[in-house]
Structures are given as structure tokens and as C-alpha cells.
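Enquirer: model this:
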Amino acid sequence: MHKASIITALMLMLSFIGPAARAQIAPQQTPSQPQQTPSQDVLAPAPKLNLTLEQRHTIKEFVKDMKADAADVQATIGEPIPPGITPRPMPSDVSQKVPQVKAHRFFLTAQQIVIVDPKDNKVADVIKLGAD
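Expert: Below is the predicted model:
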């Protein structure tokens, strides 16, 4: 008799859990509904490199006086670099002081230092020139 009451209690509990578990399942999208992805957020993509303000300043100090590779290009993190631009190797002084950019390349615009991931030729980070 005791076993029967335990089984009945378990069945009763499971009957309450079933609808709650189904309620947690995400609704299926129909083909007419556009699928929302995180890339559609309004926020700018995060840099692939996690550079500190000090590291960004170090890179800026070594690179800022070099001749710009492209005057009016606006680079966006995560996007491929614009056609016609050949990024240059990171200066050895920068590579010594900021080791995580050692393998990266860069190009310079009038307003930005654009750090490029050599594996996919996409913008890994952007350092704005001008006021700190």
C-alpha cells in the first residue's frame, strides 16, 4: 500500500512538471517570420583583441606619425578590410610591448589605426587617432 501511494504521488508530480517543461521550449518560427540573430543588434561588434587603454596608447605612440595608407576609409571591427589596402606588419617595438598583436598587421587612415587579423584579413580592432 505504501508503494502505491508513493507511485501515485510521483505520477501526480510528473503531471505538473510536464506542462511546465513544455512551456520552457522556445516557439518554432514559421518560414514567414524573419530569424533574429545576435549580429542584428544595434551595438558595435566587440574587438577581437582585448587591449588595455595602456596597450592602445602604446600602439598609437609608435604608429601615429607614420604615413597614412588610406585617407578616408572607415574600418569596422569584424568586417573585411577594404579592397586595395595592403596591411603592413606590426612594428617590432609594438610587438615587444604588446605581444598579443605580434602576428597582426595594420594600416593607417587619417583618423584610425586599423589592426587586421592576418588569418582572415578582417578588422580585429580600431584605435582612433586624435584626442585621447
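Enquirer: what does stretch 63-72 rub up against?
Expert: Here stretch 63-72 makes contact (Cβ atoms under 8 Å, 6 or more residues apart in numbering) with 82, 84-88, 91, 94, 106-110, 113, 129. Where C-beta positions appear, they are placed from N, C-alpha and C, glycine not excepted.
Enquirer: redo that, cut-off 10 Å
Expert: For stretch 63-72, contacts defined as Cβ atoms under 10 Å, 6 or more residues apart in numbering pick out 81-82, 84-88, 90-91, 93-94, 106-115, 127, 129-130.
Enquirer: just checking, which of those residues belong to strands?
Expert: R88, F106, F107, L108, Q112, I113, V114, I115, I127 (DSSP state E).
Enquirer: what about this protein, any weak spots by pLDDT?
Expert: 1-2, 4-5, 8-47, 131-132 (pLDDT under 70).
Enquirer: Which parts of this protein are strands?
Expert: Shown for the chain, the strands assigned by DSSP E span residues 88-89, 105-108, 112-117, 122-128.
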